[in-house]
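Trainee: From the sequence below, what's the structure:
(one chain, ligands or ions: 2)
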Amino acid sequence: MAVQISPSILSADFARLADEAARVENVADWLHVDVMDYHFVPNLTLGLPVVESLLKTTATPVDCHLMIHDPDRWAPDYAEAGAASVTIHAEAAKAAVRTLRAIRAAGARAGLALNPATAVEGYEDLLPEIDMMLVMTVEPGFGGQRFLDIVLPKLARARALIDKHGGEVWLQVDGGVSAETIERCAEAGADVFVAGNAVYGADDPARAVQELRALAERATPPRW
Ligand SMILES: O=C(CO)[C@@H](O)[C@H](O)COP(=O)(O)O
Ligand SMILES: [Fe+2]
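Mentor: Residues are numbered from 1 along each chain as shown. Ligands and ions are numbered 1, 2, ... in the order given. Below is the predicted model of the structure:
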């Protein structure tokens, strides 16, 4: 699978979201939208009404990362609104299979996110239910945090499980991904790279996306 870059608007200017999305249009593969609710994580960002408005202003597929207490209640709504990918947290979902199926039924790709301390092995049975696994490389809640390299062995184990399963499950990495860390993520098997600060903290976000993509492509090991 080709390298995909998903800039996180968490590091963008929330008062100018349409303009910020336009800065990476035609360069980024996705626009990563971090939904936080002050309950699952100690931060608050935006919700469905803002995502609905954003979807009207950008042609880039929207990748919603739900860091919310009750994803079973809300995730299908994001898919129905038109988000192309909706990711729920394993630690928050109480009915993960039902919710992942509802996301797919609404026409979106279904993602399952794991916090740094959550073992991937517990979720092997869910691989047929998902289109993407998200391995967090920071504790969720804030942009601009330091990359947790202790998560890299888990990322590699996730890649091995996905390859063993044989399906088309993408492996996303999120948190502290930058020019300094992206190659290690690619070497460990990630193929979708979220980057907030490294893109929207740069003078030229589009160029930052291109540079990250080139680094990840160079470091991606041949798999077939
Ligand atoms: O989900 C999250 C944080 O919880 C991320 O998507 C961050 O927004 C990534 O930002 P950087 O670590 O790349 O600055
Ligand atoms: Fe995220």
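Trainee: Next one, pLDDT for the closest residue to residue 39 other than its chain neighbours please.
Mentor: Distance criterion Cβ to Cβ, 6 or more residues apart in numbering; nearest residue to residue 39, sequence neighbours excluded, is residue 69 at 3.8 Å. To be clear about C-beta, it is placed using only N, CA and C from the backbone, and glycine gets the same treatment. Among the per-residue scores, residue 69 holds a pLDDT of 98.
Trainee: list the contacts for residue 192?
Mentor: Residue 192 sits next to 4-6, 29-30, 132, 170-173 when contact means Cβ atoms under 8 Å, 6 or more residues apart in numbering.
Trainee: Does the residue of the chain found nearest ligand 2 belong to a helix, a strand or coil?
Mentor: Here the chain gets closest to ligand 2 at one residue, residue 65, 3.7 Å apart by Cβ to the ion. Following DSSP: H, G, I helix; E, B strand; the rest coil, we place residue 65 in the strand state.
Trainee: surely residue 188 meets residue 155?
Mentor: Yes: with contacts counted by Cβ atoms under 8 Å, residue 188 reaches residue 155, the gap being 4.1 Å.
Trainee: which SS state does the closest residue to residue 106 other than its chain neighbours fall under?
Mentor: Nearest residue to residue 106, sequence neighbours excluded (Cβ to Cβ, 6+ apart): residue 79, at 3.5 Å. Secondary structure, three-state DSSP: residue 79 is helix.
Trainee: which residue ranges form the helices in the chain?
Mentor: In the chain, the segments counted as helices under DSSP state H are 17-22, 48-57, 71-81, 96-105, 152-165, 182-188, 197-200, 205-219.
Trainee: I appreciate the help and will end here.
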